[in-house]
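Chemist: The following block contains a protein sequence and its predicted model.
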Amino acid sequence: MSKQPDTTSVKDLELYTKTRSTLITGTLLPDKRKVDIWYDETGTIREIGPDISHAHKGDADIIIDGSGTLAIPGLYNTHTHAAMTLLRGYADDMHLQQWLSEKIWPLEAHLTGDHVYWGTKLACLEMIRSGTVAMNDMYFFMKDTARAVEEAGIRAVLCHGIITFGDEAKLEQEMKATEDLVRHIRSQNNPLIRPAIGPHAPYTVPPQHLEVCAEYSRNEDIILHTHLAETKQEVDDCQKTNGMSPAALLDKTGCLSSRTVAAHGCWLTEDDCRLLGERGAHIAHNPVSNMKLATGRAMPYHHLSEKKVNVSLGTDGCSSNNNLDMFEEMKTAAICQKFFWNSDTLLPAGEVLSMATSSGARALGYSAGEIKPGLSADICLLSLNHPSMVPLHNPVSNVAYSALGCTVQTVICNGKILMYEGYIPQEQEIITGASSSATDLLDRAARQ
Ligand SMILES: CSC[C@H]1O[C@@H](n2cnc3c(O)ncnc32)[C@H](O)[C@@H]1O
Ligand SMILES: [Zn+2]
């Protein structure tokens, strides 16, 4: 492995195999400082400074020429259903309940572990290509998801999505699947992959079953990942059935704590936001999916930030987004808040960038999300030569409002290089495998 950047071949597969002590030279930070970044072989950032390369050239196994790039923290996608890449474009322009019950759930009934593996491989590829280094994922056949994630090298919090509709036998089966996943992930000893429990939503998991999930999350000290207050119908039905809002119901059943990551929150009331703040729960905001599924209201960011709720960002699945580009998500979040709440100052560029990075790392409990000594090296180098980054009056503005997934040049997760100058090993094999897997899923469904 050469130590010289000009002789490093992007196709040298050794580059992508493990974390090595690395020096990134001459990159720009969002505050426009030109710096070198040095991280060690454990993937921990050790030093950042204007000219530290002389001191560390000898220590580094790899030198990345960062000139002409902007370094930002890797992006955190805190709510997704990764394998739904296979359902991209399968059912569009519908309202959530009809979309789920008439199109998505009937097709998902035909899923196998192999589909989930290939769908997740494709999702990881798409995420890495657009600068995402971590995901919070809820789906089925999650051991297959874990295998795909491990191969890709990103971070992931994984849960088996629990849907019981009140059926006790189903709960037993879903809890077994969860326990099995928790055991499996722990046995793999990959510090980047962690298990969680995933009651799908208060409308698919009744209160007595939510209590079981809350207790499990507490006992195992794992994240509880759920959907919350996505549509008005969900809130109205919950009021009718339980005499309280979905957020209050989560609280009553013990599901609201600092371990909770709840997706959406479009229809949260001010009281709900206060409750979430008091419990230290996190909201994963998914503006593209919300707008596409016409949820009818934007998450009340002004109330949530006032109550000090940590709000992170997610794409949701590829059937309601229809991609996994967190740059698109940042811009949509910032402009959706301004438009819906009629406030030109709400969710400015710097805040939306933090939402996609440090808030995401905080929600998922990783010691990362900022480019800072002592934190993990989750770093994304954007090309300053890409049209979306020219001119560079304000780097933070460009990241939030004009950059795209394709502006990303190099991606590093926990010090390991996942994409180098646009090259990701085995990209074509993944695209071919996922494409035939999607065809197979639709063929199986058509045969029945
Ligand atoms: C039980 S695994 C997860 C489950 O959630 C479905 N899903 C995808 N997007 C959404 C959404 O926006 N709201 C609610 N549920 C959603 C997915 O298809 C799986 O069935
Ligand atoms: Zn979802």
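Modeler: Yep, it's here. Every value quoted in this text rests on a predicted model; they were computed, and no experiment measured them. Ligands and ions are numbered 1, 2, ... in the order given.
Chemist: so after the helix or strand harbouring residue 236, what's the next helix or strand?
Modeler: Assigned by DSSP states H and E, residue 236 belongs to helix 232-242. Downstream of helix 232-242, the first helix or strand assigned by DSSP H and E is helix 246-252.
Chemist: What parts of the protein come near ligand 1?
Modeler: Contacts of the chain with ligand 1, taken as CB under 6 Å from any ligand atom, map to 81, 96, 100, 104-105, 108, 138-140, 161, 163, 200, 227, 230, 289, 316-317, 320. Just so you know, the C-beta spots here come from the backbone N, C-alpha and C atoms, and that holds for glycine as well.
Chemist: Can you flag the buried ones in the residues you listed?
Modeler: Taking 16 or more other CB atoms under 10 Å as the criterion, what is buried in the residues of the chain next to ligand 1 is 81, 96, 100, 104, 108, 138-140, 161, 163, 200, 227, 230, 289, 316-317, 320.
Chemist: Quick one: mean pLDDT over stretch 37-52.
Modeler: Stretch 37-52 shows a mean pLDDT of 95.
Chemist: Just the buried positions in it, please.
Modeler: Neighbour counts over stretch 37-52 (16+ other CB under 10 Å) mark 37-40, 43-48, 52 as buried.
Chemist: Just those residues: which are in strands?
Modeler: 37-39, 45-48 (DSSP state E).
Chemist: Surely residue 53 is in contact with residue 27?
Modeler: No. Here residue 53 lies out of contact with residue 27, judged by CB atoms under 8 Å, at a distance of 11.2 Å.
Chemist: from the protein, which residue is nearest to ligand 1?
Modeler: Relative to ligand 1, the nearest point of the chain is residue 161 (2.2 Å; CB to the nearest ligand atom).
Chemist: So for residue 53 and residue 27, which residue has more residues nearby?
Modeler: residue 27 (26 against 18; other CB atoms under 10 Å).
Chemist: Next, the contact list for that one, please.
Modeler: Neighbour list for residue 27: 34-37, 66-67, 69-71, 381 [criterion: CB atoms under 8 Å, 6 or more residues apart in numbering].
Chemist: which residue sits farthest out from the middle of the protein?
Modeler: Note on the chain: the largest C-alpha distance from the chain mean falls to residue 54, namely 36.4 Å (CA atoms, centre = their mean).
Chemist: That one and residue 281: what is the separation?
Modeler: Noted for residue 54: a distance of 47 Å to residue 281, by CB to CB, to the nearest Å.
Chemist: before we move on, what about residue 28?
Modeler: Applying CB to CB to residue 28 and residue 281 gives a distance of 36 Å.
Chemist: What count of nearby residues applies to the nearest residue in space to residue 41 that is not next to it in sequence?
Modeler: The shortest distance from residue 41 to any non-neighbouring residue, by CB to CB, 6 or more residues apart in numbering, is to residue 21 (4.7 Å). Number of residues near residue 21 (other CB under 10 Å) recorded here: 17.
Chemist: Enumerate every residue touching the most centrally placed residue in the chain.
Modeler: Residue closest to the average C-alpha location in the chain (CA atoms, centre = their mean): residue 77, at 1.5 Å. Neighbour list for residue 77: 127, 132, 134-136, 313-315, 324, 326, 329, 360 [criterion: CB under 8 Å, 6+ apart].
Chemist: cutoff 6 Å now
Modeler: 132, 135, 314-315, 326 (CB atoms under 6 Å, 6 or more residues apart in numbering).
Chemist: Equivalent analysis for residue 373, please.
Modeler: Counted by CB under 6 Å, 6+ apart, residue 373 has contacts 45-46.
Chemist: same check, this time on the one 10 residues further on
Modeler: With CB under 6 Å, 6+ apart as the criterion, the residues that contact residue 383 are residue 409.
Chemist: my guess is the residue nearest to residue 41 meets residue 61, correct?
Modeler: Yes. The criterion here is CB atoms under 6 Å, and residue 21 meets it with residue 61 at 5.0 Å.
Chemist: in the chain, which helix or strand is least confident?
Modeler: helix 53-56 (a mean of 84; mean pLDDT, DSSP states H and E).
Chemist: ok, back up a step: could you work out the most separated pair of the buried residues of stretch 37-52?
Modeler: Farthest apart among the buried residues of stretch 37-52 by CB to CB are 43 and 52. That separation is 17.8 Å.
Chemist: what about residue 323, how many residues close to it?
Modeler: So residue 323, with other CB under 10 Å, has 16 neighbours.
Chemist: For the closest residue to it other than its chain neighbours, pull up the helix or strand it's in.
Modeler: Leaving aside its chain neighbours, residue 323 sits nearest to residue 126 (6.8 Å; criterion: CB to CB, 6+ apart). Per DSSP H and E: residue 126 is located in helix 113-129.
Chemist: got it, and residue 136?
Modeler: Here residue 136, judged by DSSP H and E, is contained in strand 132-139.
Chemist: From the contact counts, what lies against the helix holding residue 236?
Modeler: Counting contacts by 3 or more CB pairs under 6 Å, 6 or more residues apart in numbering; DSSP states H and E, helix 232-242 packs against helix 246-252.
Chemist: Wasn't residue 197 part of a strand?
Modeler: Yes. Residue 197 forms part of a strand when assessed by DSSP: H, G, I helix; E, B strand; the rest coil.
Chemist: hang on, the earlier thing: where does the residue nearest to the centre of the chain fall, secondary structure wise?
Modeler: Here residue 77 sits within strand 75-80, counting by DSSP H and E.
Chemist: how far out from the middle of the chain is that strand?
Modeler: The chain centre lies 1 Å from the centre of strand 75-80; the measure is CA atoms, centre = their mean, to the nearest Å.
Chemist: all numbers from here: first residue = 17
Modeler: With the count now opening at 17, the last piece we talked about shows up as strand 91-96.
Chemist: pLDDT on the helix or strand just after it, on average?
Modeler: Per DSSP H and E, the first helix or strand lying C-terminal to strand 91-96 is helix 112-114. For helix 112-114, the mean pLDDT works out to 95.
Chemist: surely residue 393 meets residue 59?
Modeler: Yes. Residue 393 lies in contact with residue 59 (CB under 6 Å); the separation is 5.2 Å.
Chemist: so what's in contact with those two at the same time?
Modeler: residue 431.
Chemist: Setting aside sequence neighbours, what's the nearest residue to residue 378?
Modeler: In space, and not counting its chain neighbours, residue 378 is closest to residue 326: 5.6 Å by CB to CB, 6+ apart.
Chemist: Check the gap between the one you found and residue 186 for me.
Modeler: 32 Å.
Chemist: Same check on residue 224?
Modeler: From residue 224 to residue 186 the distance is 13 Å (CB to CB).
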